[in-house]
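>>> build me a model from this:
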Amino acid sequence: MTERATDRGTIPPSLRSAISAFVAMDFMRDANARQAAGEDTVHMEVGQPGTPAPRLVREAAMKAIAGAPLGYTDALGHPGLRERIAGHYRDTYGLEIAPSRIVVTTGSSAGFILAFLALLDPGQGIALPAPGYPCYRQIARVLGLRPVHLPARAESRFLPRAEDARLVLDSGEASAVLLASPANPTGTMFRPAELENLVKAARETRSWFISDEIYHGLTYSGPAATALSYWDDAVVINSFSKYYSMTGWRVGWMVVPERLTRVFERLAQNLYIAPPTVSQLGAIAAFDATEELEAYKAAYARNREMLLNELPETGFGSLAPADGAFYLYANVAHLTDGSEGFVRRMLSETGVAATPGIDFDEAEGRHFVRFSYAGTFENMREAARRLKAWTRTA
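Here you go, the predicted structure:
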């Protein structure tokens, strides 16, 4: 018998599990532990609103809990929620999207998993922005796909260029491209013509275009464009986590081509059964909470303006254009050549938690740090004060 069969203590985990950690979550864990130990901590490491879910959402959820049993919904989601999401595309973008094309998901994370499984086969490449959301590439690797990095450098406003995407797609190196606007970690946003050219590159090379629109609504220089305006076959992923301030509710959605709804339904049935019912019933009310949500956004805008003024005095002055979301991506090459150690020291010595750029860019991230400004104004101002004192003495 082999050693694997006789000594169960040596059985290794799967090769597919050998992915990098989600570093932002590691730093959140460390910051929470520091705070639990009684040490004053300012959280700027995770993209999580410091505001609660809107009042109408909470009231709808409590009503649902007090009412009938909360059984499974359809795998594609509660019909009432799918109809409200379809109405959102009509009201916000002027697009008529059939409710049958809406797939409600357990957060955007489930949307990425479903999209990768439905559209791509093991071994195929998917073009991803660098810097970009780290879970894109880790989910791709777990599912046997090949992440293909599209550079998003300062000279192009930290956004991938259509010509680079076309080259990768036309060569067959990748069969899909996934892009976000506004983007994480940079907050940068495609202008409509830029997004249209990227979608065109995918369409003309017979490749999939997956659009991460999770930060729509959180923009400061005009509304974001949706990829669906340029191609009906684009696959859009969104969530109630960011603009709607519902991170822990774990509910998101997708818009998929009509011909693929059954494909997504079969996958969802087998992998998740259905998204959380109480979260779905609460989310229906989110579309009626605009006044409260816009007040949340105004608070982020105030934080953003203050930090854009204060961070240059702290030594974090080289920032990506902060068009949307609630992030500032700072070049710290003049301060360190290792952002992870730098951020750990910053947490230890100042109590300010941020995320090192290595989470978002495996090649160049050692020179960058991401700050989330989704917390309270008082906390953001305190963080700026501490960082200013720290960099002057460090």
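
>>> helices of the chain, start to end?
3-6, 23-36, 55-66, 79-93, 107-119, 134-142, 162-170, 192-204, 261-271, 277-284, 290-310, 339-350, 377-393 (DSSP state H).

>>> can you count the residues close to residue 177?
28 (other CB atoms under 10 Å). Just so you know, the C-beta spots here come from the backbone N, C-alpha and C atoms, and that holds for glycine as well.

>>> against residue 244, how distant is the residue nearest to it when sequence neighbours are not counted?
In space, and not counting its chain neighbours, residue 177 is closest to residue 127: 4.1 Å by CB to CB, 6 or more residues apart in numbering. According to CB to CB, to the nearest Å, residue 127 stands 29 Å off from residue 244.

>>> cool, residue 134 as well?
23 Å.

>>> for residue 330, same thing?
Residue 330 sits 27 Å away from residue 244, taking CB to CB as the criterion.

>>> ok so, going back, for the residue nearest to residue 177, grab the count of nearby residues.
Using other CB under 10 Å, residue 127 is surrounded by 28 other residues.

>>> what do you get for residue 64?
Neighbour tally, residue 64, other CB under 10 Å: 17.

>>> now do residue 72
For residue 72, the count of nearby residues is 9 (other CB under 10 Å).

>>> start the count at 49 instead of 1 going forward.
New numbering, starting at 49: the last item is residue 120.

>>> so it touches residue 324, yeah?
No: assessed by CB atoms under 8 Å, residue 120 is found out of contact with residue 324, at 10.0 Å.

>>> pLDDT score for the closest residue to residue 67 other than its chain neighbours?
Leaving aside its sequence neighbours, residue 67 sits nearest to residue 186 (CB to CB, 6+ apart; 4.5 Å). Among the per-residue scores, residue 186 holds a pLDDT of 96.

>>> wait, what's in contact with the closest residue to residue 64 other than its chain neighbours?
Leaving aside its chain neighbours, residue 64 sits nearest to residue 190 (5.2 Å; criterion: CB to CB, 6+ apart). Contacts for residue 190 (CB atoms under 8 Å, 6 or more residues apart in numbering) come out as 64-65, 67.

>>> quick check: the residue nearest to residue 225 touching residue 200?
No: applying CB under 8 Å as the test, residue 175 and residue 200 come out as separate, 11.3 Å apart.

>>> overlap in contacts of those two?
Common neighbours of residue 175 and residue 200 are listed as residue 208 (criterion: CB under 8 Å, 6+ apart).

>>> count of neighbours near residue 319?
The number of residues packed near residue 319 is 13, by other CB under 10 Å.

>>> equivalent analysis for the one 3 residues further on, please.
Applying other CB under 10 Å, we find 18 residues neighbouring residue 322.

>>> likewise for the one 10 residues further on?
By other CB under 10 Å, 19 other residues sit near residue 332.

>>> what sits against it?
Residue 332 sits next to 108, 126, 128-129, 132 when contact means CB under 8 Å, 6+ apart.

>>> from residue 281, how far off is it?
From residue 332 to residue 281 the distance is 28 Å (CB to CB).

>>> do me a favour and get the end-to-end distance for stretch 62-81?
With CA to CA, to the nearest Å applied, stretch 62-81 spans 30 Å between its terminal residues.

>>> can you list the residues that contact it?
The contact list for stretch 62-81, computed with CB under 8 Å, 6+ apart, reads 89, 91, 93-95, 182-183, 186, 189-190, 192, 388, 391-392, 395, 401-404, 406-407, 418.

>>> circling back: most neighbours of all the contacts of residue 190, which one?
Neighbour-wise, the contacts of residue 190 (other CB under 10 Å) top out at residue 67, 14 neighbours.

>>> now the helices of the chain as CSV including distance to residue 296?
CSV is the format used below for these (distance: least, CB to CB, whole Å):
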stretch, distance to residue 296
helix 51-54, 40
helix 71-84, 13
helix 103-114, 12
helix 127-141, 18
helix 155-167, 10
helix 182-190, 17
helix 210-218, 34
helix 240-252, 30
helix 309-319, 21
helix 325-332, 9
helix 338-358, 16
helix 387-398, 23
helix 425-441, 19
